[in-house]
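Undergrad: no sequence on this one, just coordinates:
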């Protein structure tokens, strides 16, 4: 297997040449509990992070994820090859975990394009789409919106127009996965060596699309007619290869999605509101009760919809909460580190 078949290029080659000798590059192709599947020049293997790497990784965001290029020790006969480092990423899609810890959960790395899939049935949700778009812009990859299941929506073209207004500058593609109408519009994004990540909620048809593109068959299941919600037919993140040489990262459907620290993505997603905010009387305007608020004026004039405005405020507050929590966590880490150092100094002089 050639590394180029897995997306290797000069960006990663330069980092490899600067790394310490004795390590070999590999790409994470699947993620399991406690280990990874990797592709390297000699084929496929299982790998796990080394103790040293786990100890030095400052956050969960630094841990390997599907799509990452890593450096490992290729020990003959080893059951799992130890991962010693993760090469700098070209892009990283992350979300906030849904547990009480509220930490970063990387979803995929080194994607060139993010296919954000929504179903044109009861699954279609503009507010959820804004969340996915924000994460995609922040990741460093280029977002593309796919409106799947056009066969179930007589007003598919109208939905596409509405979506284009919500996502300025982002391609919007309508797919009928039964007749395969619209699939030709995906071809420009599927060039050899390019990596595409699929994200979306359960039941939108990601696995069906991937199957139709010619990847290894993925499990699919029907959705409930009552609410168009599906089950998690993809249970693990995987990197799949297409016959034409492009690579796909399939991810499980996500019921909840909150982008992780996405100031740039937020500005791109809500660019018209961000532009309006520059005209507010106060530079720190919260766009709620302050006088001279240009955003509120646009809302009153009907230029801005109530639903988009409400989602903008909600996501802005979530981002502020994340930032405050991250700052507090960093302060606590520094304090704990200072205490540890102080104890070490005391013990040193005590024993000397």
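TA: On my side now, so go ahead. A quick note: this is a predicted structure, and the numbers were derived from the prediction, not measured.
Undergrad: Tell me, what's the model's pLDDT at the closest residue in space to residue 175 that isn't next to it in sequence?
TA: Leaving aside its chain neighbours, residue 175 sits nearest to residue 182 (4.3 Å; criterion: Cβ to Cβ, 6 or more residues apart in numbering). Heads up, the C-betas are built off the backbone N, CA and C, glycines and all. On the pLDDT scale, residue 182 is placed at 95.
Undergrad: The one 10 residues further on too?
TA: If you check residue 192, the pLDDT there is 93.
Undergrad: And it, how far from residue 248?
TA: Using Cβ to Cβ, to the nearest Å, residue 192 is found at 13 Å from residue 248.
Undergrad: more neighbours, the two?
TA: residue 248 (25 against 12; other Cβ atoms under 10 Å).
Undergrad: which residues touch that one?
TA: Listed by Cβ atoms under 8 Å, 6 or more residues apart in numbering, the contact set of residue 248 reads 195, 196, 197, 198, 210, 213, 215, 239, 240, 241, 242.
Undergrad: so it bridges to which residues?
TA: Beta-bridge pairing for residue 248 (DSSP bridges): residue 196, residue 240.
Undergrad: Distance-wise, check the spatially most central residue of the chain relative to residue 302.
TA: In the chain, the C-alpha nearest the mean C-alpha coordinate belongs to residue 93, at 2.2 Å (Cα atoms, centre = their mean). According to Cβ to Cβ, residue 93 stands 34 Å off from residue 302.
Undergrad: sorry, back to before: phi and psi next, for the residue nearest to the centre of the chain.
TA: Backbone dihedrals for residue 93, given as degrees, to the nearest 10, come out at phi -90, psi 120.
Undergrad: per-residue pLDDT, it?
TA: Residue 93 is given a pLDDT of 90.
Undergrad: mind checking how far it is from residue 246?
TA: 17 Å.
Undergrad: so residue 147 touches residue 173, yeah?
TA: Yes: in terms of Cβ atoms under 8 Å, residue 147 counts as a neighbour of residue 173; the distance is 7.0 Å.
Undergrad: So for those two, which residue has more residues nearby?
TA: Ranked by neighbour count (other Cβ under 10 Å), residue 147 and residue 173 place residue 147 first, with 25 against 18.
Undergrad: May I have the beta-bridge partners of the more buried one?
TA: residue 118, residue 174.
Undergrad: quick one, what contacts it?
TA: Residue 147 neighbours (Cβ under 8 Å, 6+ apart): 118, 119, 120, 124, 156, 159, 160, 163, 172, 173, 174, 175.
Undergrad: among those residues, which one has the lowest pLDDT?
TA: In terms of pLDDT, the least confident member of these is residue 124, at 87.
Undergrad: Skip the chain neighbours and tell me the closest residue to that one.
TA: residue 118 is the one closest to residue 124 (Cβ to Cβ, 6+ apart), at 5.4 Å.
Undergrad: Now do residue 9: how many residues are near it, please.
TA: As a burial measure, residue 9 scores 13 neighbours (other Cβ under 10 Å).
Undergrad: should've said residue 284
TA: Residues lying near residue 284 (other Cβ under 10 Å) number 6.
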